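Novice: have a look at this prediction, sequence included:
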Amino acid sequence: MDRRDFMKTSSALLAGAAVGGKVFAQEQHEGSEGRMVLAMNRGWRYSPKFVEGGHEATFDDSGFDRVVVPHTNIKLPWHGFDDKEYEFVSLYRRKFRVPAEARGKRVFVDFEGVMTASTVWLNGQRLGEYKGGYTPFSFELTPHLNFDGDNVLAVDVDSTERPDIPPFGYQIDYLTFGGIYREVSLRVVPATFIENIFAQPKDSLSGSPSLDVECFVQHLEALRETLTLEATLLDGEKTVAKATQKVAPSGAAAEPASHVIAFGKLTGIQLWDLKSPKLYTVKVQLLRGSNVVDEDTRRIGFREAQFTDHGFELNGKIIKLRGLDRHQTFPFVGQAMPGRAQKRDAYILRKQFHCNIVRTSHYPQSRHFLDACDEYGLLVLEEIPGWQHIGDKPWQDISVDNVSRMIRRDWNHPSIVLWGVRINESRDNHDFYTRTNAMAHKLDPTRQTGGIRYFQESEFLEDVFTMNDFGWPLKEPNHPRYLNTEFVGHTFPTKTIDDDAHQREHTIRHARVHNQLASNPQYAGGIAWCAFDYNTHSDFGAGDRICYHGVFDIFREPKPAAGFYKSQCDPDEEIVLEPAFHWASSDEATHFTVAMICSNCDHLKLFVKNNGDWKPLAEVDPDKEQFGHLKYAPFSVDLTKSEWKWGDLRIDGYLNGKQVISKTLSGLGADQKFAILADDHELMGDGADTTRVVLRVTDEFDAIRPFANDPIVLTLEGPAELIGDNPFGLIGGTGAVWVRAKEEAGTVRLTAKHPRLGSQTVEIAIRQAKAETV
Ligand code: GAL
């Protein structure tokens, strides 16, 4: 049955309760003057079951597990499991004492992300329920806080698929997992405090940009005196400009008051660009005389970004968008991966594979990931939670609130260039989408909106027509500002263990879509489905509950099609030569046919080794016949046309007549080497910091042997936890586990033993982390 047809018949939803709490975006930092932001990630006690009396301050939780967030409510295999295994209600408890300086202040708890509904209790007092797994929320603790002794925060975490909460209510093609999977902190502020900051650079291309710093000041109590807001623009430690504004006496108010501090005609400002993503800091202080009452900071960038009728323009230059959709889920722990692993994904996409845009399908993603997008120059289309289904009015209210929380959390990220304000691939709903779109425009007049659709006749309420077009050839743009947001995906799932013909076709399908997108300036570009293979429900995927739709596998190891993305950068960034095949004499229906090679070289020479000599095999230019619109068209070499004898293959790449790169693939057909590669060799001993360790079997030239499936036995010594299977069964010649630091310093040694190719060890230093103060 087609899921889109089925969806049309789906019914309305149950009613939902109101959304509680305010949203405060902030860095996890301590020691800003005025306010205290105190991390509360360590020292949680966790029970996977509901426990009678578990919310009470006096409850004895010594029998619970001691856990650190990000935390998954259950560890799982990397595939072939049922979502019901994580769909349960669990209980988290955290004891704390507030510092003496908190007396007389207002105290909040800020949750960055808990899947999916959280009922929060303080000292046995129910504070409320927040519905939503991808958006931040807060509760004020002040009235129920014991300022002199122990306090206990308890959270019932409902990780079932509640139909009253987006994205649930029908079916979704991904898993949401469970637990307190993002960070938690305590925020101590005065009764009048800085609730949020929105810094809006203007005229960035004029040579003398201006900057409006909108400061949201919350008055929880009446303010009887005049305070001063001071905004400072910083380049690193250096002050670029400073300006102030008065905050007049005011009554208490539910909504924060907006104060705009305007900086005009700034000089010497560097733009945020893809190649040099220059970042500045805005610091805002609230002053009583010269005393700092409150302070907060945001990172920003000066850039102009807009979708036009002739494509996407960044800083006045058209950039053809070339990217991938990303789910933020990982093997074994679902979404509970800390900052380092989140940032690594942005690094892979931008720095290693040269994408220029990512879509956070289908929800607001980790702030760490977005920070890395800012740092690496990776553009972002960020969207609200949802998948095809629209619920009833209370469900829609939550969704509109999701728009607000997403934007108010993320509006300072220069990398974000488009808000997605529709439920991915839902039907039209005029009233609902008028509301989501209006909310986005009201909050953020600086960015355009889109809303991801699957049919071109859809009512166009946003600024950019964002369309999932899985067909071939692609539909012509039917609106001036037009972006393709999904293609390939389920129309050609590909596993790392698929044969050469399949890998080649997968690569061709990505390349030919980008070729068509390059043919017409009205296409702003394309974001393919998708970056990484992902866990899903039984009604999707390959039968093991994985959608093998990535150009990377679930461990973030590239498939040949990823080489196409990598090859599209200019050679001054990196010279790329990526064969879109494994070198095998007969892994297709008939021997080996066409060698497809993704490269930004302008000429290739191929050689095959016979009896110790390299014999010329072919010489080729880019395949402009098939990919005429691409700046760096892949190469197609038909090896059925000539007589040649099997052996090692060498490919030499040329630019302007000069050889610039060479790759060799073994013709031997034997597993030769075993490698273990850690992304990082140093972690913080905070109980959460995590790095990936990749395992690979290769030929003698380091090319992965795709059918190696040996069991790798792992031994870990030192203060860390192994996240992953042990033994780990290689898949596609590769795979990965993660090493998560415990809460102490030391040296970790991970040894991986291949049954025939020996053992390899990596060392990871665990640094002493500062203890949490609450
Ligand atoms: C799309 C959907 C994605 C994913 C994809 C698979 O229709 O938006 O979430 O399911 O199909 O190709």
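Specialist: All right, it came through fine. Here the structure is a predicted model, which means the values were calculated and not measured.

Novice: ok, Met596 - contacts?
Specialist: Neighbouring residues of Met596 by Cβ atoms under 8 Å, 6 or more residues apart in numbering: Arg504, Thr507, Ile508, Pro579, Ala580, Phe581, Pro634, Phe635, Ser636, Val637. Any C-beta I mention is one placed from the backbone N, CA and C, and that applies to glycine too.

Novice: list the buried residues in stretch 432-443.
Specialist: Residues of stretch 432-443 classed as buried: Phe432, Tyr433, Arg435, Thr436, Asn437, Met439, Ala440, His441, Leu443 (neighbour count, 16 or more other Cβ atoms under 10 Å).

Novice: what residue of this structure is the furthest out?
Specialist: Asn611 (49.4 Å; Cα atoms, centre = their mean).

Novice: state the distance from that one to Ser642.
Specialist: Distance, Asn611 to Ser642, using Cβ to Cβ, to the nearest Å: 18 Å.

Novice: of the buried residues of stretch 432-443, which ones also sit close to the ligand?
Specialist: The subset of those lying close to the ligand, counting by Cβ under 6 Å from any ligand atom, is empty.

Novice: Lys188 pairs with what?
Specialist: Actually, residue 188 is Val. It isn't Lys. Note on Val188: beta-bridge partners by DSSP bridges are Met36, Val107.

Novice: show me what from the protein comes close to the ligand.
Specialist: Asp173, Asn424, Glu425, Asn468, Glu486, Gly489, His490, Trp529, His549.

Novice: contacting residues for Trp564?
Specialist: If you look again at residue 564, you'll see it is Phe, not Trp. Thr507, His510, Ala511, His514, Val551, Glu578, Ala580, Cys598, Pro634 are the contacts of Phe564 under Cβ under 8 Å, 6+ apart.

Novice: what about Asp371, which SS state?
Specialist: Using DSSP: H, G, I helix; E, B strand; the rest coil, the structure places Asp371 in helix.

Novice: thinking again about what came up before, next step: the contacts of Phe564 restricted to strands.
Specialist: The strands, defined by DSSP state E, take in Glu578, Cys598 from those.

Novice: nearest to Val89 among the contacts of Phe564?
Specialist: Distance to Val89 across these (Cβ to Cβ) is lowest for Val551, with 36.8 Å.

Novice: circling back to that earlier point, can you lay out the contacts of Met596 as a markdown table showing neighbour count, distance to Gly669 and pLDDT?
Specialist: Putting these into a markdown table (neighbours: other Cβ atoms under 10 Å; distance: Cβ to Cβ, whole Å; pLDDT from 0 to 100) gives the following:
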| residue | neighbour count | distance to Gly669 | pLDDT |
| --- | --- | --- | --- |
| Arg504 | 22 | 19 | 97 |
| Thr507 | 28 | 22 | 98 |
| Ile508 | 22 | 25 | 98 |
| Pro579 | 24 | 16 | 98 |
| Ala580 | 28 | 19 | 97 |
| Phe581 | 23 | 14 | 96 |
| Pro634 | 26 | 25 | 98 |
| Phe635 | 28 | 24 | 98 |
| Ser636 | 19 | 24 | 98 |
| Val637 | 18 | 21 | 96 |
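
Novice: inside helices: which ones of these?
Specialist: Mapping the contacts of Met596 onto helices (DSSP state H) picks out Arg504, Thr507, Ile508.

Novice: tell me which residues touch Pro364, please.
Specialist: If you count contacts by Cβ under 8 Å, 6+ apart, Pro364 has them with Tyr134, Thr135, Glu382, Glu383, Ile384, Pro385, Asn402, Arg405, Met406, Arg409, Asp410.

Novice: on the three-state scheme, the residue nearest to the fifth one when sequence neighbours are not counted is what?
Specialist: Nearest in space to Ile384, with sequence neighbours left out and distances taken as Cβ to Cβ, 6 or more residues apart in numbering, is Asn402 at 4.5 Å. Taken by three-state DSSP, the conformation at Asn402 corresponds to helix.

Novice: who are the contact partners of the residue in the chain that the ligand sits nearest to?
Specialist: Distances between the chain and the ligand by Cβ to the nearest ligand atom are smallest at Gly489, namely 2.5 Å. Residues in contact with Gly489 (Cβ under 8 Å, 6+ apart) are Phe470, Ala528, Trp529, Cys530, Cys547, His549.

Novice: element containing the second one?
Specialist: In this case it means Ala528. Secondary structure assigned from DSSP states H and E places Ala528 in strand 523-528.

Novice: and that strand, what other elements does it pack with?
Specialist: strand 311-314, strand 321-325, strand 357-360, strand 482-486, helix 500-518 (3 or more Cβ pairs under 8 Å, 6 or more residues apart in numbering; DSSP states H and E).

Novice: tilt between the last one and strand 321-325?
Specialist: Angle between the axes of helix 500-518 and strand 321-325 is 130 degrees (criterion: axes from the mean of the first three to the mean of the last three Cα atoms, to 10 degrees).

Novice: before we move on, what about the fourth one?
Specialist: Our comparison of strand 482-486 with strand 321-325, counting by the same axes, to 10 degrees, yields an angle of 30 degrees.

Novice: from the contact counts, what lies against strand 482-486?
Specialist: With contacts taken as 3+ Cβ pairs under 8 Å, 6+ apart, strand 482-486 sits against strand 321-325, strand 465-468, strand 523-528.

Novice: now the second one
Specialist: Contact analysis of strand 321-325 by 3+ Cβ pairs under 8 Å, 6+ apart lists strand 357-360, strand 482-486, strand 523-528 as its packing neighbours.
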